[in-house]
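> pasting the sequence and the predicted coordinates here, then a few questions.
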Amino acid sequence: MPESPETHIIDYRAAEQLLAARDPRGAVKLLDSVIASHPENTAARLLRARAFFAAAQLRPAELEFELVLEREPDNAFAHFALARTFERAGRPEQAKRHFRLAAALEPKPEYLEAARFDSKASDT
């Protein structure tokens with residue numbers, strides 16, 4: 001059966017459910033076909049980045065988050081998630097930059113806390 005836009009919507013929604021059910025690899029598999037057909041779809045790329053992160057596939061997650069940020073540089077969540085990816089990969093300076101961008105774009109408590117604006121140690 002040929003793929004249709006409806007199939008991609010169903011796959012996207014199913015991928016959301018798989019990620020929520022802690023099956024990130026299953027989510028990635030579903031999203032691969034969606035992104036192959038709609039490479040400009042930022043929402044699908046962001047969901048796939050989250051799935052890669054949840055599956056501890058940090059380099060693919062980093063690349064997807066960066067692609068999202070190329071298209072949406074003001075996406076606070078993508079900055080925050082990329083920062084978490086860098087943090088998990090042991091790259092604290094890169095993480096700090098994106099934590100601060102996220103907090104500046106959207107001053108949510110968790111973004112502000114992660115940015116550590118008030119920490120003297122972070123200014124060194």
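Sure, I can see it.

> which parts of the protein are helices?
Taking DSSP state H, the helices of the chain run over residues 5-20, 24-37, 42-54, 58-71, 76-88, 92-105, 109-115.

> can you redo the ones you listed as TSV with mean neighbour count and mean pLDDT?
C-betas here are computed from N, CA, C, even on glycine. Below are the helices of the chain laid out as TSV (neighbours: other Cβ atoms under 10 Å; pLDDT from 0 to 100):
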stretch	mean neighbour count	mean pLDDT
helix 5-20	15	95
helix 24-37	19	97
helix 42-54	22	98
helix 58-71	18	98
helix 76-88	22	98
helix 92-105	19	97
helix 109-115	16	96
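
> neighbouring contacts of stretch 19-32?
11-12, 14-16, 18, 44, 47-48, 50-55, 57 (Cβ atoms under 8 Å, 6 or more residues apart in numbering).

> mind checking how far it is from the chain centre?
13 Å (Cα atoms, centre = their mean, to the nearest Å).

> contact partners for the residue nearest to S33 when sequence neighbours are not counted?
Nearest residue to S33, sequence neighbours excluded (Cβ to Cβ, 6 or more residues apart in numbering): D11, at 6.3 Å. For D11, the contact set (Cβ under 8 Å, 6+ apart) comprises 30-31, 33-34.

> how far away is D11 from F80?
Going from D11 to F80 by Cβ to Cβ, to the nearest Å gives 26 Å.

> same question, G26
Here the distance between G26 and F80 works out to 24 Å (Cβ to Cβ).

> next up, the contacts around the nearest residue to L67 once chain neighbours are set aside.
Once flanking residues are discounted, L67 sits nearest to R45: 5.8 Å by Cβ to Cβ, 6+ apart. R45 makes contacts with 35, 64, 67-68, as judged by Cβ under 8 Å, 6+ apart.

> does L105 touch F80 like I think?
No - the pair L105 / F80 is not scored as a contact, 9.1 Å apart, by Cβ atoms under 8 Å.

> on that earlier part again, closest one of the contacts of stretch 19-32 to R100?
F53 (19.6 Å; Cβ to Cβ).
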